[in-house]
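> Just the structure for this:
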Amino acid sequence: MANKRIGQAGLALIKQYEGCRLAAYRCAAGVWTIGYGHTAGVHSGMTITQAQADAYLQQDIAKFEGYVNNPAYVPITEQLNQNQFDALASFAFNLGAGNLRKLCKGRTAAQIARTMPNYNKAAGKVLAGLRRRRAAEQALFNKPVSAATPAQNTESEDYNMKTIKKGSKGNAVKVWQIIIGAAADGIFGSGTQRAVRWFQSVNGLSVTGKPDNATQQLLYSAQAKAASGYSPESYDTLSRSNRYKAAVVPLQRRLKALGYLSGSADGYFGSNTYRAVRNFQSRNGLSVTGVADSGTQQLLYSSSARPASGSSSSGSGSSTGYRLLYWGCRGDAVKRLQQALIDAGYKSYVRSADGIYGQWTYDAVRAYQKDVGLSVDGIAGKNTQNKLYGTKY
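Below you'll find the predicted structure:
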């Protein structure tokens, strides 16, 4: 029987995909879970400290190291290199000893690697999170030891956040923006930096504007406070101009939805938009300037925004109003989305309508989009909501 221990690459992979929650929750398979995927003895309402979470992790890892070292579960265990061992330890940690034995029985290393991606379902449905994790484990399993980079997982770009900073571009940035609540354009610019700074400020962290380890750990935890006062456009003051600005488009759409603006949302802040902003400010008790400053836009995009006098628009505060929803959003609009997904048969993803747009809701939206033939991005925009609710936003 072999006696290997998990390496830094495997430990980092487990921490990354399990995440750490200090309050009990149901995982996608409906099992009560706490800490880094710990399930033994967990019950509803249970809470632990970070130190307890770390202790549970060490206990659980030791157990699964034993399974991977045991030829009864992994017949080729003696031939495994460190990366292969780490990948199987992560696999077993996620899916259990039974699935580990099923994966490895009668298979060579190459066959094991090819079969790994098949283990991506919960309750019979493919989950995006499991698909990403299997891909990361497969990539680590296939990586030569000499090329390994301990304590860092670069196989899954979607969640490889460790190196992003202002100026970075790509999918990793886009996913981070969705999570933090910034405009998801895949470019880490000033707007994304402000969103990070806002989150850090609200949660008592060092305000750096960088997605450092402390920020990411808190963001994924149950202790994170929602930065509810922030919207992607919070700090971009918009005023009259003859130049096109992308940020003007959502402003115009919101003004139209509330009955202040007619015509198209063309991205040009002209006389009509100027008058619409002034009218909105006047009706909502703001200083009437015609300039869409941060205060104006925060109220405009909130559920407290009052529609134009005589308008039939109910605004985003209505249970039937439109609001773009993405990872990190909270409130009644998210509850409505979650309940609609449950009613549509996606209860294996969304167990309850808790009003928090997290991993389960993200996976459910992606699954729904795929099933109905929409673009799969995990963001509940107009097309997704219209299809789900039968509306015409």
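> Any regions of the stretch 1-150 of the chain where pLDDT drops low?
Applying pLDDT under 70 to the stretch 1-150 of the chain flags residues 28-29, 146-150.
> what's around Thr208, how many residues?
The local packing of Thr208 (other Cβ atoms under 10 Å) involves 13 other residues. No exception for glycine: its C-beta is placed from N, CA and C like everyone else's.
> Tell me the confidence at the nearest residue to it once chain neighbours are set aside?
Leaving aside its chain neighbours, Thr208 sits nearest to Gln200 (6.8 Å; criterion: Cβ to Cβ, 6 or more residues apart in numbering). For Gln200, the model assigns a pLDDT of 73.
> and what of the one 3 residues further on?
Among the per-residue scores, Asn203 shows a pLDDT of 67.
> residue ranges for the helices of the stretch 101-250 of the chain, please.
109-115, 128-142, 171-180, 190-202, 213-219, 248-257 (DSSP state H, counting those that start in this stretch).
> Would you mind putting these into a markdown table with mean neighbour count and distance to Arg283 alongside?
Output for those, formatted as a markdown table (neighbours: other Cβ atoms under 10 Å; distance: least, Cβ to Cβ, whole Å):
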| stretch | mean neighbour count | distance to Arg283 |
| --- | --- | --- |
| helix 109-115 | 15 | 62 |
| helix 128-142 | 21 | 42 |
| helix 171-180 | 22 | 32 |
| helix 190-202 | 20 | 27 |
| helix 213-219 | 17 | 36 |
| helix 248-257 | 21 | 12 |
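> Could you point out which of those sits nearest Lys370?
helix 128-142 (9.3 Å; Cβ to Cβ).
> Now do that closest one: distance to the chain's middle.
17 Å (Cα atoms, centre = their mean, to the nearest Å).
> Equivalent analysis for stretch 372-384, please.
15 Å.
> picking that back up, my read: the residue nearest to Thr208 touches Thr215, true?
Yes: counting by Cβ atoms under 8 Å, Gln200 does reach Thr215; the two are 5.9 Å apart.
> overlap in contacts of those two?
Thr208 (Cβ atoms under 8 Å, 6 or more residues apart in numbering).
> between the helices of the stretch 101-250 of the chain, which gets nearest to Leu95?
The nearest among the helices of the stretch 101-250 of the chain, by Cβ to Cβ, is helix 128-142 at 8.7 Å.
> sorry, back to before: the residue nearest to Thr208 and Ala214, how far apart?
9 Å (Cβ to Cβ, to the nearest Å).
> Tyr260 too?
42 Å.
> Next: Leu22.
Taking Cβ to Cβ, one finds Leu22 at 15 Å from Ala214.
> Which strands or helices does whichever strand or helix holds Leu57 pack on?
In the assignment (DSSP states H and E), Leu57 maps to helix 50-69. Applying 3 or more Cβ pairs under 8 Å, 6 or more residues apart in numbering; DSSP states H and E, we find helix 50-69 packed against helix 8-18, strand 32-35, helix 82-95, helix 97-104.
> Make CSV from these and add mean neighbour count and distance to Met116 to it.
Below are those laid out as CSV (neighbours: other Cβ under 10 Å; distance: least, Cβ to Cβ, whole Å):
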stretch, mean neighbour count, distance to Met116
helix 8-18, 22, 13
strand 32-35, 21, 22
helix 82-95, 25, 7
helix 97-104, 17, 7
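> Ser294: which of those is closest?
So among the helices and strands packed on helix 50-69, helix 8-18 is nearest, using Cβ to Cβ, at 34.2 Å.
> how distant is the closest one from the center of its chain?
With Cα atoms, centre = their mean, you get 18 Å for helix 8-18.
> buried stuff in whichever helix or strand comes after it?
Using DSSP H and E, the helix or strand that follows helix 8-18 in sequence is strand 21-26. Within strand 21-26, the residues scored as buried using 16 or more other Cβ atoms under 10 Å are 21-22, 24-25.
> Done for today, thanks.
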